[in-house]
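S.K.: sequence plus the predicted model coming up.
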Amino acid sequence: MGTIIRVSGPLVVASGMTGCKMYEIVRVGEKKLIGEIIELKSDTAAIQVYEETTGIGPGEPVIPTGLPLSVELGPGLLSSIYDGIQRPLDIVYLQYGNWIMRGVELPGLNREKKWSFTPTVKKGDKVAGGDILGTVQETPLILHKILLPPDTPTAEIVEIYPGEYKIEDPVGKIRLLNTGEIQNIYLYHRWPVRIPRKYKRKLPPEEPLSTGQRVIDTFFPIAKGGTACIPGPFGSGKTVIQHQLSKWSDAEIIIFIGCGERGNEMADVLLEFPELKDPKTKRPLIERTVMVANTSNMPVAAREASIYTGITIGEYFRDMGYNVALMADSTSRWAEALREISGRLEEMPGEEGYPAYMATRIAEFYERAGKVVCLSSDTQPERIGTLSVIGAVSPPGGDLSDPVVQATLRVVKVFWSLEDKLAYMRHFPAISWLRSYSLYIKNIKSYLENNIDKEFPQLRSKALKILQEEATLEEIVRLVGIESLSPLERLTLLTAKSLREDFLHQIAFDPVDTYTSLYKQYRMLKIILDLHEKCVKFLSEGVPFEKIEKLEIHEEIGRMKFILEDKIEEFDKLEEKVKNLSL
């Protein structure tokens, strides 16, 4: 047992800590606050405390637990909301009221609820770490697969029995082949959050993560197993975009991490998700969601833990063979927590006061994303899971040269640049089509050609070219006026306006426009560009631009975003109208 010698905000320094390890969990002070060792010098340990340290002073005890910061992984995770160290906030509220009492220790998973376990292995089967032992129907949307912990050596099933069990009840026994030791099997296991879960090998991501947001799916897509960054100034819509991705992306599991964000935003998510229906199954979205909330008024050290807690839960569902999408909002708050702890440790500061290892930590976090062949023995069929990570970054004043933005852009492959100028113009999502990029275009090209249409990638390139030309022409218009432009250039501006207002602009609160399937996006883009080609032909035949500008079909195209997904025949009629257009 150690003794506190110094307290500096969330940082506590204790002596007499001989035998302790880095990242070991300790109980600090008389109130037994939860802390984690982040630095060791001789017998002195620096501890970041995940709770408010007011009233803690020198001379109080520090009790090592011998365990790293870990999460409980098993049935009961879905539909839950946790704090940064996996304490269930709904249970905290019922037991302690609106505020988390200091020193509260609650298990991450419900110990009383019974789950119906169906084994998928039998007595005598050989199993190893990562193998599926059975299933539990956790929610109507998700079949929870019970996994043997990844670090388990090859073993033989001695006993396994179906039935209804609490998560602490043994559901079977295995015999380790290397030692002959008999071990119990449970419905859950623990895993240290700072250690990535094992897998067989990584695969290149080749399937798009469909989000229902046109500017993302068509122009700057993210692949399943990919990484993306959303930097933007205050009020530009980062959180709304992450909420939209959480609601409508075609991942089977959503992990939403509110890291240092405003409490009312997490409250909005909590109130919305039970009401929202999954577009495919029509069940409540909350049934496939896990939330980790560490709001701005919670202790700063727990922000760092919340990021790792969330991604470890994401890896667990990925290991079952699911497609998982993780939203981290925002990694800037996490970096600020690193900076505060680093400053209290009196470490040499790096750029803008951030610790020198910040870029390494950010890279390590995003590297845990990917499309992988899940860990399993040769006796079980190969399964593939994906974990996509989408992180919001909140640079001061929207400055993209901020160290957190630059460190993030070095490791992610998709950059959705939010612009306050677009937000002030009420153009949402406020993603800049001139500054954003995606490096997954080549990866997903064959998927789009085979599953949507061979034309889709070419239409995307053509539309982007028109939008880029518009930016150049607008400069000319500002300098010498629109009269200086040729009819063809004015047509380019007209088509670009249609692309911006009828395609890129999307109303998150409209029940129809909030979500657009990839096929509907293709049809919308094709109609706009088909009309452009038709108008180019009219101009070449000598038709005045003013006549083209007044065509009624422009209004019909403006309304096509409100066509229901199951009324695709409406697009056939509109396409036919464009084809047969004459002047």
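M.R.: Looks like it came in fine. Residues are numbered from 1 along each chain as shown.
S.K.: contacts for the worst-scoring helix or strand of the chain on mean pLDDT, please.
M.R.: Lowest by mean pLDDT, DSSP states H and E among the helices and strands of the chain is helix 263-272, with a mean of 76. Identification of contacts with helix 263-272 by C-beta atoms under 8 Å, 6 or more residues apart in numbering yields 81, 239, 243, 246-247, 256, 258, 291, 293, 295-297, 329. Every C-beta, even on glycine, is put in place using the N, C-alpha and C of the backbone.
S.K.: JSON lines for the residues you listed, including distance to residue 551, pLDDT and neighbour count?
M.R.: As requested, the contacts of helix 263-272 are arranged in JSON lines below (distance: C-beta to C-beta, whole Å; pLDDT from 0 to 100; neighbours: other C-beta atoms under 10 Å):
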{"residue": "81", "distance to residue 551": "52", "pLDDT": "90", "neighbour count": "21"}
{"residue": "239", "distance to residue 551": "39", "pLDDT": "79", "neighbour count": "21"}
{"residue": "243", "distance to residue 551": "37", "pLDDT": "82", "neighbour count": "21"}
{"residue": "246", "distance to residue 551": "39", "pLDDT": "85", "neighbour count": "25"}
{"residue": "247", "distance to residue 551": "36", "pLDDT": "84", "neighbour count": "22"}
{"residue": "256", "distance to residue 551": "44", "pLDDT": "91", "neighbour count": "24"}
{"residue": "258", "distance to residue 551": "47", "pLDDT": "87", "neighbour count": "31"}
{"residue": "291", "distance to residue 551": "48", "pLDDT": "91", "neighbour count": "22"}
{"residue": "293", "distance to residue 551": "51", "pLDDT": "87", "neighbour count": "22"}
{"residue": "295", "distance to residue 551": "51", "pLDDT": "79", "neighbour count": "20"}
{"residue": "296", "distance to residue 551": "51", "pLDDT": "78", "neighbour count": "14"}
{"residue": "297", "distance to residue 551": "55", "pLDDT": "76", "neighbour count": "9"}
{"residue": "329", "distance to residue 551": "43", "pLDDT": "85", "neighbour count": "27"}
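S.K.: how about these in a markdown table, adding distance to residue 173 and secondary structure?
M.R.: Shown next, in a markdown table, are the contacts of helix 263-272 (distance: C-beta to C-beta, whole Å; DSSP: H, G, I helix; E, B strand; the rest coil):
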| residue | distance to residue 173 | secondary structure |
| --- | --- | --- |
| 81 | 35 | strand |
| 239 | 47 | helix |
| 243 | 45 | helix |
| 246 | 40 | helix |
| 247 | 43 | helix |
| 256 | 37 | strand |
| 258 | 40 | strand |
| 291 | 35 | strand |
| 293 | 38 | strand |
| 295 | 43 | coil |
| 296 | 47 | coil |
| 297 | 47 | coil |
| 329 | 43 | strand |
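S.K.: residue 41 and residue 229, how far apart?
M.R.: As judged by C-beta to C-beta, to the nearest Å, residue 41 and residue 229 stand 36 Å apart.
S.K.: picking up where we left off before, which among the contacts of helix 263-272 gets closest to residue 56?
M.R.: In terms of C-beta to C-beta, no member of the contacts of helix 263-272 lies closer to residue 56 than residue 297, at 19.0 Å.
S.K.: just to revisit the earlier point, who has more neighbours out of residue 41 and residue 229?
M.R.: Each of residue 41 and residue 229 has its neighbours counted (other C-beta atoms under 10 Å); residue 229 has more, 24 against 9.
S.K.: is the more buried one in a helix, a strand, or coil?
M.R.: In three-state terms, and counting by DSSP: H, G, I helix; E, B strand; the rest coil, residue 229 is strand.
S.K.: do the same with residue 54
M.R.: coil.
S.K.: torsion angles phi and psi at it?
M.R.: Phi and psi for residue 54, reported as degrees, to the nearest 10, are phi -60, psi 130.
S.K.: how near is it to residue 10?
M.R.: On the measure of C-beta to C-beta, residue 54 and residue 10 end up 11 Å apart.
S.K.: more neighbours, the two?
M.R.: More crowded of residue 54 and residue 10, by other C-beta under 10 Å: residue 10, with 22 against 8.
S.K.: residues contacting the residue nearest to the more buried one when sequence neighbours are not counted?
M.R.: Leaving out its chain neighbours, the residue that sits closest to residue 10 by C-beta to C-beta, 6 or more residues apart in numbering is residue 301, at 4.2 Å. Residue 301 makes contact with 10, 36, 48, 49, 50, 337, 341, according to C-beta under 8 Å, 6+ apart.
S.K.: the same query, at a cut-off of 10 Å, please.
M.R.: Going by C-beta atoms under 10 Å, 6 or more residues apart in numbering, residue 301 touches 9-11, 34-36, 38, 47-51, 53, 84-85, 294, 337-338, 340-341, 344.
S.K.: next: residue 256.
M.R.: 81, 242-243, 245-246, 266, 269-270, 273, 289-293, 310, 325-329.
S.K.: how about 8 Å then?
M.R.: 242, 246, 269, 289, 290, 291, 292, 310, 326, 327, 329.
S.K.: sorry, back to before: what does the pLDDT read for the residue nearest to residue 10?
M.R.: Per-residue pLDDT puts residue 301 at 82.
S.K.: do the one 3 residues further on as well
M.R.: Among the per-residue scores, residue 304 holds a pLDDT of 84.
S.K.: start at 32 instead
M.R.: Yep, numbering from 32; the last one is residue 335 now.
S.K.: that one reaches residue 371, doesn't it?
M.R.: No. The pair residue 335 / residue 371 is not scored as a contact, 10.0 Å apart, by C-beta atoms under 8 Å.
S.K.: what about those two, which has more around it?
M.R.: A direct count of neighbours by other C-beta under 10 Å for residue 335 and residue 371 places residue 335 higher, at 27 against 18.
S.K.: quick one: which helix or strand includes that one?
M.R.: helix 332-350 (DSSP states H and E).
S.K.: nearest residue to residue 258 in space, please, no chain neighbours.
M.R.: residue 443 (4.1 Å).
S.K.: repeat that for residue 428.
M.R.: Using C-beta to C-beta, 6+ apart and skipping the chain neighbours, the partner closest in space to residue 428 is residue 264 (6.2 Å).
S.K.: can you list the domains in this protein?
M.R.: For the chain, the structural domains run 33-99, 104-139+231-470, 146-218, 483-610, going by automatic domain parsing.
S.K.: closest one to residue 477 among those?
M.R.: So among the domains of the chain, domain 104-139+231-470 is nearest, using C-beta to C-beta, at 7.3 Å.
S.K.: picking that back up, would you turn the contacts of helix 294-303 into CSV with distance to residue 381?
M.R.: Below are the contacts of helix 294-303 laid out as CSV (distance: C-beta to C-beta, whole Å):
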residue, distance to residue 381
112, 34
270, 28
274, 33
277, 33
278, 37
287, 30
289, 27
322, 32
324, 29
326, 27
327, 24
328, 28
360, 24
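S.K.: which pLDDT value goes with residue 313?
M.R.: According to the model, residue 313 scores 79 on pLDDT.
S.K.: thinking again about what came up before, tell me the contacts of the residue nearest to residue 258?
M.R.: Going by C-beta under 8 Å, 6+ apart, residue 443 touches 258, 259, 260, 397, 422.
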